[in-house]
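Student: need a 3D model of the sequence below.
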Amino acid sequence: MDINFRKITEIDYHKCADVLADAYKGEPWNNKWTHDEALLRIRATMSGFNARGYVVEVDGEVIAQCLGRVDYYNDGWKQFCIDEFNLHSNFQGQGIGSNFMNYVINELEQENIDRIWLLTGGYMAAKFYEKNGFEESSDGTMMTLELQA
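Tutor: Now for the predicted structure:
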């Protein structure tokens with residue numbers, strides 16, 4: 001199996017949409033993303049000057065993605081917000097996700113990013129991030145406001 005970690009290109013967006021839809025179809029989300037909905041999410045996430053994206057290819061086929069944005073603060077402090085970190089279900093549990101996270105961390109360290117943060121749902125997703133060095137934060141409280149009932 002030939003594995004390649006690299007920065008995303010726009011050519012990857014359609015395959016990444018398939019990966020996103022596959023990743024969310026199972027537990028704990030059970031979401032039914034259409035290809036067009038997933039593609040819109042990817043394009044929106046990658047549309048800003050501060051967007052960063054990375055993919056994993058296995059034998060030339062994209063099977064994972066990490067998409068997000070850099071947030072800038074005072075004194076030159078920067079953090080990367082992971083909006084999507086997905087691995088196709090056929091490749092989960094093989095260590096590829098952890099190796100991919102290490103690749104992303106190394107790429108962000110080269111940009112002098114100070115911190116990575118994300119929101120996640122589900123016990124297994126949280127365990128994956130904890131296994132890869134993330135900690136539950138007490139820096140704030142997640143707040144929501146429903147606009148349409």
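Student: and the helix or strand containing Met101, what's buried?
Tutor: Assigned by DSSP states H and E, Met101 belongs to helix 96-110. Neighbour-count burial for helix 96-110, with 16 or more other CB atoms under 10 Å as criterion, is recorded at 96-97, 100-101, 103-104, 107-108. All C-beta atoms are positioned from the backbone trio N, CA, C, and that covers glycine.
Student: same question for stretch 14-34.
Tutor: 15-24, 33.
Student: which of the residues you listed sit farthest apart?
Tutor: Spatially, the most separated pair among the buried residues of stretch 14-34 is Lys15 and Tyr24, at 15.4 Å (CB to CB).
Student: please name every helix or strand in contact with the helix or strand bottoming out on mean pLDDT in the chain.
Tutor: The helix or strand of the chain with the lowest confidence, counting by mean pLDDT, DSSP states H and E, is helix 123-131 at a mean of 86. With contacts defined as 3 or more CB pairs under 8 Å, 6 or more residues apart in numbering; DSSP states H and E, helix 123-131 has these neighbours: helix 96-110.
Student: hey, C-alpha coordinates of the helix it packs on in CSV?
Tutor: The C-alpha atoms that make up helix 96-110 are tabulated as CSV, following Å, rounded to 0.1, in the frame of the first residue of the first chain:
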residue,chain,number,x,y,z
ILE,A,96,-3.5,6.1,9.0
GLY,A,97,-5.5,8.7,10.9
SER,A,98,-2.8,9.1,13.6
ASN,A,99,0.0,9.3,11.0
PHE,A,100,-2.0,11.9,9.2
MET,A,101,-2.5,13.9,12.3
ASN,A,102,1.2,13.8,12.9
TYR,A,103,1.8,15.1,9.3
VAL,A,104,-0.7,18.0,9.9
ILE,A,105,0.9,18.9,13.2
ASN,A,106,4.3,19.0,11.5
GLU,A,107,3.0,21.2,8.7
LEU,A,108,1.4,23.6,11.1
GLU,A,109,4.5,23.7,13.3
GLN,A,110,6.5,24.9,10.2
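Student: alright, that wraps it up for me.
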